[in-house]
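> What follows is a predicted structure for the sequence shown.
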Amino acid sequence: MSAIFGPAGNAESFPYKSSVDAPRWLAGLGLDCYEYQCGKGVNVGEATARKVGEAAREAGIALSLHAPYFINLANPDPDSLQKTIGYITAACQAADWMGATRVVIHSGALMKRTRREAQDIALHSLKEVVTACDAAGFGHITLCPETMGKINQLGDLDEVLELCTLDERLTPCVDFGHLYARTLGELEGYEACVKMLDRIKEVLGEERASRFHSHFSKIQFTPNGGEKMHLTFDQADFGPDPEPLMTEVARRGWSPTFICESAGTQAEDALTMKKLYQGSLT
C-alpha cells in the first residue's frame, strides 16, 4: 500500500465538460483519486453519480465525497441535528451510487460556547449520525470529520481525533492547511509534521492512523480569524510546505489519501505532492 493523491473540485475547476470526464483526465496526469464536491448541497442525481463511479473504476481512480459545508455537528438544536443527519445520509447515498468509500464532514462552529461544550454536543450529534447512517444501509461508508481552519470553529486536531474515537470506522480528515492557518503558522515544518502524525497514532493506533484522509493546500490566514483563503503552491508568503509531510509519511510507510485543495491548481499541486512523496521513497 502507498499514499494516493488527487484533487478536489468540480467541472468548473478543470478542463473537461463534466465530472464524468474527470477520472480519465486525472488518470492521464498520473493521479490516483478525486474528491467529488457537494459542498453547496447534494445535488447530483443517481444516473450522473453512477456514471462518475463507472468512469472512476475504469480509470483506477479512488473516489471520496465532500458533504455540504453548512453541516454543524455542534449545533444543539434538535431540528438542526435532524437536518444534519439528512445532509450526511444524502451525501452517503450519493457516495454509494458512485462507489466512493469516504465522506468528509465539517465539525461545526462554537456558536458562543466553550470549546468543551461545543465538543460534547458534536460527540452526541456524531453518534446519532453514525446510528442513522447504519440504519439507512450506509455503514460501509467511512465518515471523515475534518479539521477546520478558522479559530472560532470546532475542529483542531485533538477535537477531530476525539470525535473519531466514537467508532472505529471513523477516519480523520486532517487538513494540514487548516491546522497551519488556525495556529497562525505554528504547525509548519518537519518537527510539526512528526508531532501531528505521532498524535494521530497515539489516539487511534497505527493501523487507523496510517490510512488517514487528508486535505492539503497553502492557506493565507489573518491574526484574529485564522483561515482567509486558499493559495497555490507557487505563492510563497504562506505555508504549509508539503515537502516535510511527504517525507515523513513516506518514511513511516503510511498510506493516507491526500486531496489537494489549492486555488485553481489543485490537480497540478496534487501531482507535485505525489512526486515529492515518491522521491522520498527512494
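That came through, no problem. Numbering: from 1, shown residues only.

> and the gap between the nearest residue in space to Cys144 that is not next to it in sequence and Trp25?
Leaving out its chain neighbours, the residue that sits closest to Cys144 by C-beta to C-beta, 6 or more residues apart in numbering is Cys173, at 3.9 Å. The C-beta positions use only the backbone N, C-alpha and C, and glycine is treated the same way. Per C-beta to C-beta, to the nearest Å, Cys173 is found 24 Å from Trp25.

> now Lys127: how far from Leu170?
Per C-beta to C-beta, Lys127 is found 10 Å from Leu170.

> Going along the chain, name the strands of the stretch 151-282 of the chain.
173-175, 213-216, 219-222, 226-230, 257-260 (DSSP state E, counting those that start in this stretch).

> Kindly present those strands as JSON lines, with separate columns for mean neighbour count.
Output for the strands of the stretch 151-282 of the chain, formatted as JSON lines (neighbours: other C-beta atoms under 10 Å):
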{"stretch": "strand 173-175", "mean neighbour count": "28"}
{"stretch": "strand 213-216", "mean neighbour count": "24"}
{"stretch": "strand 219-222", "mean neighbour count": "20"}
{"stretch": "strand 226-230", "mean neighbour count": "18"}
{"stretch": "strand 257-260", "mean neighbour count": "26"}
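
> What residues of stretch 263-271 count as buried?
263, 265-271 (16 or more other C-beta atoms under 10 Å).

> got a list of contacts for it?
The contact list for stretch 263-271, computed with C-beta atoms under 8 Å, 6 or more residues apart in numbering, reads 5-9, 13-14, 26, 29-31, 217, 229-234, 242, 258-260, 262.

> Derive a PyMOL selection command for the buried subset of these.
Selection of the buried residues among the contacts of stretch 263-271 in PyMOL, burial being defined by 16+ other C-beta under 10 Å:
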select buried, resi 5+6+7+8+9+13+14+26+31+217+230+231+233+242+258+259+260+262
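
> So which of the contacts of stretch 263-271 are in helices?
26, 29, 242 (DSSP state H).

> you'd agree Glu128 is up against Leu81?
Yes: with contact defined as C-beta atoms under 8 Å, Glu128 and Leu81 form a contacting pair (6.3 Å).

> Mind checking which of those two has more residues around it?
A count of neighbours by other C-beta atoms under 10 Å puts Leu81 above the other of Glu128 and Leu81, at 19 against 15.

> I'd like the distance from the regular element (helix or strand) spanning the more buried one to the chain centre, please.
Leu81 belongs to helix 78-98 when assigned by DSSP states H and E. Distance of helix 78-98 from the chain centroid (C-alpha atoms, centre = their mean, to the nearest Å) equals 17 Å.

> who touches Ala118 in this structure?
Ala118 neighbours (C-beta under 8 Å, 6+ apart): 74, 108-111, 154.

> Neighbour-wise, give me the winner out of those.
Using other C-beta under 10 Å as the neighbour criterion, Ala74 leads these with 28 neighbours.

> looking at it, that residue is touching Met111, isn't it?
Yes: Ala74 lies in contact with Met111 (C-beta under 8 Å); the separation is 6.6 Å.

> buried stuff in stretch 76-92?
Applying 16+ other C-beta under 10 Å to stretch 76-92 flags 76, 80-81, 83-85, 87-92 as buried.

> Determine which two of those are furthest apart.
Farthest apart among the buried residues of stretch 76-92 by C-beta to C-beta are Pro76 and Cys92. That separation is 23.3 Å.

> how close does the closest residue to Met196 other than its chain neighbours sit to Gly239?
Distances taken as C-beta to C-beta, 6+ apart place Leu157 nearest to Met196, at 6.2 Å, with adjacent residues excluded. Distance of Leu157 to Gly239, given as C-beta to C-beta: 16 Å.
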